[in-house]
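Student: just to be clear, the model below is a prediction. Sequence and coordinates:
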Protein chains: 2
Amino acid sequence: MTTTGPRPPTPTLEQVAALAGVSRATVSRVINDSPRVSPEARDAVHAAVEALRYVPNRMARSLVTRRTDTIALVLSESNTQIFADPFFARIVRGLSARLADTEQNLVLLAARGRREQEKVARYVRQGHVDGVILISLHRDDLLPDLLARSPVPLVLSGRPFDGRPVPYVDADNVGGARAATSHLLRLGRSRIGTVSGPLDMVVGLDRLTGYRAALAAAGAPASPELVAEGDFTEAGGSRAMTRLLGDVPDLDAVFVASDPMAVGALRVLRAAGRRVPEDVAVVGFDDAEVAATCDPPLTTVAQPLDEMTGGLVDLLLEQIGSGGSAAAGSRVCGTALVRRASA
Amino acid sequence: MTTTGPRPPTPTLEQVAALAGVSRATVSRVINDSPRVSPEARDAVHAAVEALRYVPNRMARSLVTRRTDTIALVLSESNTQIFADPFFARIVRGLSARLADTEQNLVLLAARGRREQEKVARYVRQGHVDGVILISLHRDDLLPDLLARSPVPLVLSGRPFDGRPVPYVDADNVGGARAATSHLLRLGRSRIGTVSGPLDMVVGLDRLTGYRAALAAAGAPASPELVAEGDFTEAGGSRAMTRLLGDVPDLDAVFVASDPMAVGALRVLRAAGRRVPEDVAVVGFDDAEVAATCDPPLTTVAQPLDEMTGGLVDLLLEQIGSGGSAAAGSRVCGTALVRRASA
DNA sequence: GTGAAAGCGCTAACAG
DNA sequence: CTGTTAGCGCTTTCAC
C-alpha cells in the first residue's frame, strides 16, 4: 500500500504570478485570454502555468463570474427505461457534439423516483449548473415544477403538458403520425392498428392523435381495440403487437410509434407469417439499426434529431447568455421531415 | 414574450442572518447543523431561511471546504454502445441508490472520442467533482492516464490492463466463465463454442480465459474457430452466434459471455432449430429480462452487481474521506457468486 | 452559545 | 498594458 502524503497543494494564481513575475490580474487576463496583454507577459505566464501545472480553481472562478460552464441533461425516468432507448444515446451524442466547440460541459443527471428528483432539483438550485435540458417527461413528473422554482434557465424536449411558458423543442408528431397512417390508407389498407407510445407522454399522445386524425379523415375512425399501448421499448413493441394480432384477426396494417418498438413489432409480425414490411409504417428518428432489420426498408417518417438537439442547446445558451433577462417567453421550434424509404 | 427583469438576486447568508437577528456564523452553523447552537437561534434561522427561500451557494461553500459533494461516473465510450447495455442502467441505479442517503450527488459524464475525453478530464481536474468512477474501459483508453494526472480520487470498475495501483472493483470473471463452461462439459458436450465479449476489454479477455481454462482442464483445448467475438450487445450476440453456427457445423453447446448477447444468440439458435436452453450457458449479471426470454431458464453464472456498485462507492468515499492521504494503494474487492438457475 | 475577522482563489473595475 | 484594490458567499478559528 503506497501511502501518499496529504494531497500536494494545488498551485494558485498567486504562485503563477510570482513565478512569471507579474501580478495576479495579468495572469488572470492571460488565462481568460484577454487581448490586452503583452506578448512577453503572455509567454512568461504560459511558461509558469506549464511549470506549475496550474489549473484554475473553478469554484473560485464561478463564485465571482456566477457561471459554471456546465449544463445538465436531466433524465426523469418514471417508468420507461430511457437508457435502453437508442434515441437517448443519440440525443446525448448530439448535445455533446453541439457543445464540443463551446466552453460548456455536459453532465447527465438521472432522477428516478421522487427522492432522486428532489436531489437533482436541489443540485440545480444550488448553482452547480448554468442551465438544464429536461427530457423524457411524463404527465405526473415533478421535475418541471421543482426546476421552475429555481432561477436556472430551463429547456424542455417536447411540449409541456400544461401550456406553461417554458422554452421547448418539439417535432411535429401529430403530422408525422398522420403522414405515416395516411400512407397505409393510400395503400388500400382498412384495418390499421397502432402500437402507440406511452399515453402519459405528450409524444405518445400526439402520435396517437395523428394516427386517429388520418383514420378519421378517411372516414374510418379508429376503434379502441386497434390501439395497443407500448412503452417505446423493443420488448414493449413485441407485447403490444402480439396483443393487437390477437384482438384484431383481420388487422391488415399497423402504424408503430417509434423505432425500437418497430423492431419488436416486426419480429412478432414475421413470426406470425405476416407481410413485412408492406403492412408497417413507423414514425421516429429513423434509426439506422432499425432500418437494417428490414429489407426492403420500412416506410418511415423520420424526424430530424440533430435539429432538435441543436435547437435545445441554442435555446438554452440563448437564455444563459442573456443572463436570464428577456428570453423567458415560451418558444416553439418544431420541425418535421417526411421521408418515404420505400413504396 | 414575457420579459423578466434581470434575475432576482439570490438571498445570501448575510441577509438570512440579518432577518434572523443573528450573525453569519450562527446561520452557517445552523445550515451545517452544528450542535453548538441554541434552539432559539436555530428556530429563528430556520424561519428566516424559509421566508427568504434561501439556498446556500455551492461555489462559495466549495471554495472554502474544498468539497463539491459530487461524484462523477465517467462513461468512456470507445466503440461499444454502452448506453444500450441493460447492465449500464443497473449500475447507474445501483450507484444512485447507494448514494441516496448521502450528501453526495451523482453526475454522469459521457466521453466519446479523444476530444470529449480531454474535456471530461479537464472538467474533473478543475475541481467540479470530489471523485470519479470509471467504467467500460477499453485497452487503448486515454482516460485512466488523463485522470490519474489529477489529484481527484479515482476508482475503476474492472481491473486495469496494466497493473497500475488504482483502486478497483472486479468480479471473478475467469472463475465465472470456467464454471459456466465446466457445466456444459459435465453435461457431456464436447464441441463447445463461445460468444466472447470484446477482446479489448479486460472483462472480455477474462471470460475467454475462463472458458479456455475449463476446456483445457477437460483435455479439449479450444480451437480458434470456436471463438466468436461479440461486443456485449444483443445484435452482436446474434452476429457472433450466426458466425459460430456457420463455421462449426458440429457445435453442440455454447458459452455466451453476457446477458444481452445471450438474447441475440438464443434467437439465432432457436431459428436454427437448436436445442435451447440446454446447449447454452451464460455469465453475466443475471438480467431479469434475459431470464424471461427463456423457459426453463438458462444456466447462468450470476455476478452480484449490487455488491460491485456498493464496492465502487465505498472505495471512493473512503478515499475522499481520507482527504487523499493514505488509501492511494491499490485495492481489490473482487467477488463472484455462482448460481445455477436450472439443470 | 455567539460574533468578529480572516480568508478560500479568482475576476473586475479603476487607476496609472 | 499592468498592478492595486475590492469583493463573490461561505466556513472557520478565536475570543468573548
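Tutor: It's in.
Student: nearest residue to the spatially most central residue of chain A other than its sequence neighbours?
Tutor: Closest to where the C-alpha atoms of chain A average out (Cα atoms, centre = their mean) is residue A:91, at 4.6 Å. Leaving aside its sequence neighbours, residue A:91 sits nearest to residue A:309 (Cβ to Cβ, 6 or more residues apart in numbering or on different chains; 5.8 Å). (Glycine included, C-beta is placed from N, CA and C.)
Student: same question for residue A:238.
Tutor: residue A:264 (3.6 Å).
Student: am I right that the one you found is in contact with residue A:237?
Tutor: Yes: the criterion here is Cβ atoms under 8 Å, and residue A:264 meets it with residue A:237 at 3.1 Å.
Student: these two: which has the busier surroundings?
Tutor: More neighbours surround residue A:237 than the other of residue A:264 and residue A:237, with 27 against 23 (other Cβ atoms under 10 Å in any protein chain shown).
Student: tell me the strands beside whichever strand or helix holds residue A:300, with direction?
Tutor: According to DSSP states H and E, residue A:300 maps onto strand A:299-302. Strand A:299-302 has its sheet partners listed here by DSSP bridges as strand A:280-284 (parallel).
Student: quick one: mean pLDDT for the strand it pairs with?
Tutor: Averaging pLDDT along strand A:280-284 yields 76.
Student: ok, now which ones touch the closest residue to residue A:299 other than its chain neighbours?
Tutor: Of all residues not flanking residue A:299 in the chain, residue A:281 sits nearest, at 4.5 Å (Cβ to Cβ, 6+ apart). Applying Cβ atoms under 8 Å, 6 or more residues apart in numbering or on different chains, one finds that residue A:281 lies in contact with A:180, A:181, A:183, A:184, A:253, A:254, A:255, A:256, A:298, A:299, A:300, A:301.
Student: at 10 Å what do you get?
Tutor: A:177, A:179-185, A:187, A:189, A:192, A:194, A:211, A:253-256, A:262, A:298-301, A:340, A:343 (Cβ atoms under 10 Å, 6 or more residues apart in numbering or on different chains).
Student: of these, which belong to strands?
Tutor: Judged by DSSP state E, the subset of those located in strands is A:192, A:194, A:253, A:254, A:255, A:256, A:299, A:300, A:301.
Student: now, the most widely separated pair of those?
Tutor: A:192 and A:300 (16.1 Å; Cβ to Cβ).
Student: neighbour-wise, which of those two wins?
Tutor: Using other Cβ under 10 Å, the more surrounded residue of residue A:192 and residue A:300 is residue A:300, with 29 against 25.
Student: wait, doesn't the more buried one sit right on residue A:259?
Tutor: Yes: the pair residue A:300 and residue A:259 passes the contact test of Cβ atoms under 10 Å, sitting 8.1 Å apart.
Student: and the closest residue to residue A:189 other than its chain neighbours, what is it in contact with?
Tutor: Counting by Cβ to Cβ, 6+ apart, residue A:253 is the residue found nearest to residue A:189 once chain neighbours are left out, at 3.7 Å. By Cβ under 10 Å, 6+ apart, the residues touching residue A:253 are A:181, A:183-185, A:187-194, A:274-275, A:278-281.
Student: selecting buried members of these in PyMOL, what would you type?
Tutor: Here is the PyMOL command that selects the buried residues among the contacts of residue A:253 (16 or more other Cβ atoms under 10 Å in any protein chain shown):
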select buried, chain A and resi 181+183+184+185+189+192+193+194+274+278+279+280+281
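Student: quick check: residue A:135 vs residue A:284, distance?
Tutor: 15 Å (Cβ to Cβ, to the nearest Å).
Student: just the ones in strands among the contacts of residue A:281 now: which is nearest DNA strand D?
Tutor: residue A:301 (49.4 Å; Cβ to the nearest atom of the strand).
Student: tell me the bridge partners for that closest one.
Tutor: Applying DSSP bridges to residue A:301 gives these bridge partners: residue A:283.
Student: correct me if wrong: residue A:322 contacts residue A:153.
Tutor: Yes: assessed by Cβ under 10 Å, residue A:322 is found in contact with residue A:153 at 8.8 Å.
Student: more neighbours: which of the two?
Tutor: residue A:153 (27 against 15).
Student: for chain A, what lies in contact range of DNA strand C?
Tutor: A:9-10, A:12-14, A:24-25, A:28, A:31-32, A:54, A:56-57, A:60-61, A:63-65 (Cβ under 7 Å from any atom of the strand).
Student: show me these that map onto helices.
Tutor: A:13, A:14, A:24, A:25, A:28, A:31, A:60, A:61, A:63, A:64, A:65 (DSSP state H).
Student: considering only those, which also neighbour chain B?
Tutor: A:60, A:61, A:63, A:64, A:65 (Cβ under 10 Å from any Cβ of the partner chain).
Student: okay, now the domains of chain A?
Tutor: Here the domain parsing of chain A from automatic domain parsing is A:13-56, A:70-171+A:306-333, A:173-302.
Student: if we can go back for a sec, what comes up buried for whichever helix or strand the residue nearest to residue A:238 is part of?
Tutor: Following DSSP H and E, one finds residue A:264 within helix A:259-271. For helix A:259-271, a neighbour-count test (16+ other Cβ under 10 Å) marks A:259, A:260, A:261, A:262, A:263, A:264, A:265, A:266, A:267, A:268, A:269 as buried.
Student: please list the residues of the stretch 101-250 of chain A that sit near chain B.
Tutor: A:101-113, A:115-116, A:119-120, A:122-123, A:125-129, A:149-153, A:165, A:233-235.
Student: what subset of the residues you listed is buried?
Tutor: A:104-113, A:116, A:119-120, A:123, A:125-129, A:150-153, A:233-235.
Student: just those residues: which are in helices?
Tutor: Secondary structure from DSSP H places A:113, A:116, A:119, A:120, A:123, A:125, A:234, A:235 of these in helices.
Student: could you export the residues you listed to JSON lines, including columns for distance to residue B:95?
Tutor: Compiled in JSON lines, those are given as follows (distance: Cβ to Cβ, whole Å):
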{"residue": "A:113", "distance to residue B:95": "14"}
{"residue": "A:116", "distance to residue B:95": "11"}
{"residue": "A:119", "distance to residue B:95": "13"}
{"residue": "A:120", "distance to residue B:95": "14"}
{"residue": "A:123", "distance to residue B:95": "15"}
{"residue": "A:125", "distance to residue B:95": "22"}
{"residue": "A:234", "distance to residue B:95": "25"}
{"residue": "A:235", "distance to residue B:95": "24"}
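Student: dump the residues you listed to TSV, plus distance to residue B:82 and pLDDT.
Tutor: Listed next are these as TSV, based on distance: Cβ to Cβ, whole Å; pLDDT from 0 to 100:
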residue	distance to residue B:82	pLDDT
A:113	23	90
A:116	21	95
A:119	24	96
A:120	22	97
A:123	23	97
A:125	30	96
A:234	18	89
A:235	20	89
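Student: in the stretch 151-300 of chain A, what residue lies closest to chain B?
Tutor: At 5.2 Å from chain B, residue A:151 is the closest residue in the stretch 151-300 of chain A, using Cβ to the nearest Cβ.
Student: pretty sure that residue contacts residue A:125?
Tutor: Yes: using Cβ under 10 Å, residue A:151 is in contact with residue A:125, at 8.3 Å.
Student: quick one: contacts for residue A:206?
Tutor: A:158-159, A:170-177, A:197, A:257, A:283.
Student: that'll do, ta.
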